[in-house]
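In: Sequence unavailable; structure follows:
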Ligand SMILES: Nc1ncnc2c1ncn2[C@@H]1O[C@H](COP(=O)(O)OP(=O)(O)O)[C@@H](O)[C@H]1O
Ligand SMILES: [Mg+2]
């Protein structure tokens, strides 16, 4: 079976620094895949190359039969890759529901003509987006807050809202960049369940970067470990936990 997402010898240099070096990744449809590694390993940079934010210096990203490098973030989102950010990016003054709708808008099927002339199609499409955004707030357990300005949400809820917005683009693959960062242990348990539901119920393939080892080991079926821009291990959670190179990378060689 060919992979949904595949990178071949993906490399990016910033001046003299090779941030990601000959990186090969293959994720099958329906997988729940983890990307881990110490701070500065190049994980977020990989996401930026997968989503059209950075153009790789060398190598290629293929997704669902399309070459991704060279496409911009909006084009990549249309092809079905969606993401959240390590540093949460929400529209603080917009409501929780409106924030979720910005994801759906990006995917809108209405054209400029429809929106300028406020055609029936425009209203139908806007209602569809609103309904879908609300359903996703329910899915993430945020529906009670739909009318609040996003800035009034506590931190853990802001992270969940970002995920709702990413889901509203109707992706085939969602990339989560440290979704548990800043969450307390109860919120992390709930997040683990939500990530599983995204894969099991919404049938979306998941790629997650996460520092919380318990969460990663609990939910991921396969894990790839980056260190200084290079893959040092790939395997199941138990294989990764017992890998000598991985232990050294995390413990600083002791
Ligand atoms: N735009 C950029 N310009 C220069 N260096 C960058 C840029 N983006 C990332 N880097 C560098 O690439 C390396 C990997 O960063 P990053 O991908 O954010 O690591 P991680 O997400 O694994 O913590 C770091 O050394 C970082 O400073
Ligand atoms: Mg990062």
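Out: Sure thing, it's come through. Computed from a predicted structure; not experimentally measured. Numbering: from 1, shown residues only. Ligands and ions are numbered 1, 2, ... in the order given.
In: Which parts of the stretch 1-150 of the chain are strands?
Out: Here the stretch 1-150 of the chain has its strands, by DSSP state E, counting those that start in this stretch, at 5-14, 17-27, 32-36, 58-63, 66-67, 81-83.
In: quick one, which of these is packed in tightest?
Out: Mean neighbour count (mean count of other CB atoms under 10 Å) peaks for strand 81-83 among those, with a mean of 26. Where C-beta positions appear, they are placed from N, C-alpha and C, glycine not excepted.
In: so how far is that strand from its chain's centroid?
Out: Mean-position distance between strand 81-83 and its chain equals 5 Å (CA atoms, centre = their mean, to the nearest Å).
In: What are the contacting residues of stretch 198-208?
Out: Contacting residues not belonging to stretch 198-208 are listed as 4-5, 27-35, 50, 139, 163, 167, 171-176, 179, 195, 216, 219-220 [CB atoms under 8 Å, 6 or more residues apart in numbering].
In: Any of the residues you listed buried? List them.
Out: Taking 16 or more other CB atoms under 10 Å as the criterion, what is buried in the contacts of stretch 198-208 is 4-5, 27, 31-35, 50, 139, 163, 167, 171-176, 179, 195, 216, 219-220.
In: Quick check: residue 167 vs residue 65, distance?
Out: Relative to residue 65, residue 167 is positioned 22 Å away (CB to CB, to the nearest Å).
In: What of residue 148?
Out: 41 Å.
In: Of these two, give the one with the bigger neighbour count.
Out: Shown here are residue 148 and residue 65; by other CB atoms under 10 Å, residue 148 has more neighbours (14 against 8).
In: distance of the more buried one from ligand 1?
Out: From residue 148 across to ligand 1, the span is 31 Å (CB to the nearest ligand atom, to the nearest Å).
In: Was I right to think that residue contacts residue 97?
Out: No. Residue 148 is beyond contact range of residue 97, at 9.1 Å (criterion: CB atoms under 8 Å).
In: just checking, what's the longest helix in this protein?
Out: With secondary structure taken from DSSP state H, the chain has its longest helix at helix 120-139.
In: what's the angle from the following helix or strand past it to helix 120-139?
Out: Downstream of helix 120-139, the first helix or strand assigned by DSSP states H and E is helix 155-168. Here the directions of helix 155-168 and helix 120-139 differ by 140 degrees (axes from the mean of the first three to the mean of the last three CA atoms, to 10 degrees).
In: Sheet partners, orientation included, of whichever helix or strand comes after helix 155-168?
Out: Next helix or strand after helix 155-168 toward the C-terminus (DSSP H and E): strand 173-177. Strand pairing for strand 173-177, using DSSP bridges, gives strand 81-83 (parallel), strand 205-209 (parallel).
In: model confidence over the shortest one, on average?
Out: Strand 81-83 shows an average pLDDT of 97 in the prediction.
In: and it with ligand 1, contact?
Out: No. Judged by CB under 6 Å from any ligand atom, strand 81-83 makes no contact with ligand 1; its nearest approach is 12.8 Å.
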